[in-house]
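Undergrad: how does the following fold in three dimensions:
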Amino acid sequence: MSCLFSDGSKWQSGCGMFARFGPRIVSVITSDIRSGVEQLGDMIAAASVIVPFTGAGISTECGIPDFRSPGGLWSRHRPIPFDEFVASAEAREEAWRRRFAMEPTFAAAKPGRGHRALASLYKVGKIPAVVTQNIDNLHQLSGFAEDHVVELHGNTTYARCIGCSQAYDLKWVRECFDASGCAPDCTICAEPVKTATISFGQAMPDEAMRRATDLAQQCDLFIAIGSSLVVWPAAGFPMLAKNSGARLVIINNEPTEQDDIADLVIRHDIGETLGPFVGN
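TA: Prediction:
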């Protein structure tokens, strides 16, 4: 939860790592994409350590729908909370039916211009790692080493036991489901198997949160891309980076609640904004 103080500063609670900001700065909100790209290019050139923070918006041009917009996944299906998944066999079966229905979409998706631009900056040493809310594995496919993708909300391209964390291939899950009509349990500890994603009410991954915290505190340029910045605690990382001395850029089609603390806000198409940096 956040609140606004009389001097324009903000306080973010709930994670124990986000602190109050000083007086609100004046953001630069670009009026056109050309100006935004030029300013972003200057900031990238001047930066030594860049940390991108990506949300669903970077993957929409790849054919993967986002969650909140009209026609998004949550407008068609109510999210299944973690406790419901654990308690109800029907909920587990419905969760897997939804995942199987999305398989052609995830399987066909290829990295977009945004992914490829970040991978280019990663390959030349500007980016040590990417922090992502996405679960689609596209950063890995674009060229990031698996260890350099910090997945705050997990990964939907494989499954894990919620008890012992044994990993499972989705093909095995599908075969078990088709054979029995039931969501499978772990062959080792008999606990339920779910996609390796973080559901509502499920604990955030400690190691990913620690790494994201370290990256946000150590960079000198933090770029939030395609995130509505409303899902906490993940949405606290741009604020943490800014409070740690980094310049903050927000690239998103719609306004966010953190635009007022950013050094640069670009409200234009992500692929068009980052496309010029592919191969640079």
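
Undergrad: what lies in contact with the top strand by length along the chain?
TA: Determined from DSSP state E, the single longest strand within the chain is strand 154-161. The contact list for strand 154-161 (C-beta atoms under 8 Å, 6 or more residues apart in numbering) reads 99, 102, 106, 135-137, 166-170, 173, 186, 188-189, 191-198, 205. For glycine as for every other residue, the C-beta is placed from the backbone atoms N, C-alpha and C.

Undergrad: so which of the residues you listed sit within helices?
TA: Arg99, Met102, Phe106, Leu170, Val173 (DSSP state H).

Undergrad: dump these into JSON lines; add distance to Ala119 as well.
TA: Shown next, in JSON lines, are the ones in helices among the contacts of strand 154-161 (distance: C-beta to C-beta, whole Å):
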{"residue": "Arg99", "distance to Ala119": "26"}
{"residue": "Met102", "distance to Ala119": "24"}
{"residue": "Phe106", "distance to Ala119": "19"}
{"residue": "Leu170", "distance to Ala119": "25"}
{"residue": "Val173", "distance to Ala119": "29"}
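
Undergrad: can you list the strands that the longest strand of the chain pairs with?
TA: Sheet pairing here is set by DSSP bridges, and for strand 154-161 it gives strand 167-168 (antiparallel), strand 193-197 (antiparallel).

Undergrad: pull the CA atoms of the longest one into PDB?
TA: Taking only C-alpha atoms (Å, rounded to 0.1, in the frame of the first residue of the first chain), the coordinates of strand 193-197 have been written out as PDB:
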ATOM      1  CA  VAL A 193       2.000 -30.300  -9.400                       C
ATOM      2  CA  LYS A 194       1.300 -26.800 -10.900                       C
ATOM      3  CA  THR A 195       3.000 -24.600 -13.400                       C
ATOM      4  CA  ALA A 196       6.200 -23.100 -12.100                       C
ATOM      5  CA  THR A 197       4.400 -19.700 -11.700                       C
END
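
Undergrad: and the contacts of stretch 194-211?
TA: 79-83, 85, 92, 95, 99, 129, 131, 135, 150-160, 162, 167, 170, 233-234.

Undergrad: report the buried members of those.
TA: By neighbour count, with 16 or more other C-beta atoms under 10 Å, the contacts of stretch 194-211 hold 80, 82, 85, 92, 95, 99, 129, 131, 135, 150-160, 162, 170, 233-234 as buried.

Undergrad: between the ones in helices among the contacts of strand 154-161, which is nearest Glu61?
TA: Lowest distance from Glu61 to the ones in helices among the contacts of strand 154-161 (C-beta to C-beta) belongs to Phe106, with 14.9 Å.

Undergrad: for the closest one, which residues are in contact?
TA: Phe106 neighbours (C-beta under 8 Å, 6+ apart): Ile64, Asp136, Asn137, Thr156, Thr157.

Undergrad: quote the end-to-end distance of stretch 123-142.
TA: End-to-end distance for stretch 123-142, by C-alpha to C-alpha, to the nearest Å: 11 Å.

Undergrad: can you count the residues close to the closest residue to His139 other than its chain neighbours?
TA: Take His139 and drop its neighbours on the chain: the residue closest to it by C-beta to C-beta, 6 or more residues apart in numbering is Val149, 4.7 Å away. As a burial measure, Val149 scores 21 neighbours (other C-beta atoms under 10 Å).

Undergrad: quick one: Val149 and Gly57, what's the gap?
TA: 17 Å (C-beta to C-beta, to the nearest Å).

Undergrad: helix or strand: which one has Ile223?
TA: strand 221-225 (DSSP states H and E).

Undergrad: counting by contacts, list what the very next helix or strand once past that strand packs against.
TA: On the C-terminal side of strand 221-225, the nearest following helix or strand under DSSP H and E is helix 236-243. If you count contacts as 3 or more C-beta pairs under 8 Å, 6 or more residues apart in numbering; DSSP states H and E, helix 236-243 packs onto strand 10-12, strand 50-54, helix 206-218, strand 221-225, strand 247-251.
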